[in-house]
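Visitor: generate a structure from the sequence data that follows.
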Amino acid sequence: MDTTTLEQLKAQYRRSGARAGIKLDDIEMRRAISLLPHQGPVVETPGVELRYIEGLLRLPLDSIVDFSVIPATGQSRCPCGRTPTALDIVAHAVGHKVHEEQLLRDTVIGVYNVFEFADEGRTAPCHRCGREFTASGYWTHSYMYA
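Guide: Just a heads-up that it's a prediction; the model follows:
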């Protein structure tokens, strides 16, 4: 994979037949994730919020090491003072049953390395104040939506 931008990478995978996403091996996943910080400012989800996500998904304590978000332009801080993180996205997905809980758990803990193509970002309400924000991308060690 000699691709230099995320858009080029998505185009390459789409030319090979992928439509909405693709499973990657460990090396390809690390390379793809390395392109994400070039997409905008990265917001790391604080440890206390990672523990909250683990509780929502009934995962063992400390099973999530990191979970990062790239907010869409102008979406980095809510009026309540909180910076939206992966907690907002996961809490919304769990609360609104966007996906089956097992799929969310498998995705977050990394059963497979999955790169899901995001062309418009993902919108979720702030966990504290409810203001909607859009993340242009987010990722863990084995899942990326970008």
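Visitor: tabulate the CA atom coordinates of the lowest-mean-pLDDT helix or strand in the chain in PDB.
Guide: One helix or strand of the chain scores below all others by mean pLDDT, DSSP states H and E: helix 101-109, with a mean of 89. C-alpha atoms of helix 101-109 as PDB (Å, rounded to 0.1, in the frame of the first residue of the first chain):
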ATOM      1  CA  GLU A 101     -24.700  -4.800  20.800                       C
ATOM      2  CA  GLN A 102     -22.500  -7.900  19.900                       C
ATOM      3  CA  LEU A 103     -21.400  -6.100  16.700                       C
ATOM      4  CA  LEU A 104     -20.500  -3.000  18.600                       C
ATOM      5  CA  ARG A 105     -18.600  -5.100  21.200                       C
ATOM      6  CA  ASP A 106     -16.800  -7.100  18.500                       C
ATOM      7  CA  THR A 107     -15.900  -3.900  16.600                       C
ATOM      8  CA  VAL A 108     -14.500  -2.100  19.700                       C
ATOM      9  CA  ILE A 109     -12.500  -5.000  21.000                       C
END
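Visitor: walk me through which strands the helix or strand following it pairs with, and which way each runs.
Guide: As assigned by DSSP states H and E, the chain's next helix or strand after helix 101-109 is strand 114-116. The strands beside strand 114-116 in its sheet (DSSP bridges) come out as strand 21-23 (antiparallel), strand 143-145 (parallel).
Visitor: mind showing which ranges of the protein have poor pLDDT?
Guide: 1-3, 75 (pLDDT under 70).
Visitor: show me where it has its strands.
Guide: Assigned by DSSP state E, the strands in the chain fall at 21-23, 43-44, 68-71, 114-116, 122-125, 132-139, 143-145.
Visitor: contact partners of the third one?
Guide: The list of residues contacting strand 68-71 from outside it, by C-beta atoms under 8 Å, 6 or more residues apart in numbering, reads 36, 39-45, 84-86, 89, 133-140, 146. Where C-beta positions appear, they are placed from N, C-alpha and C, glycine not excepted.
Visitor: returning to what we had before: now render the strands of the chain as CSV, adding mean neighbour count and distance to V94.
Guide: CSV is the format used below for these (neighbours: other C-beta atoms under 10 Å; distance: least, C-beta to C-beta, whole Å):
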stretch, mean neighbour count, distance to V94
strand 21-23, 16, 20
strand 43-44, 17, 20
strand 68-71, 23, 16
strand 114-116, 19, 17
strand 122-125, 18, 11
strand 132-139, 21, 15
strand 143-145, 22, 15
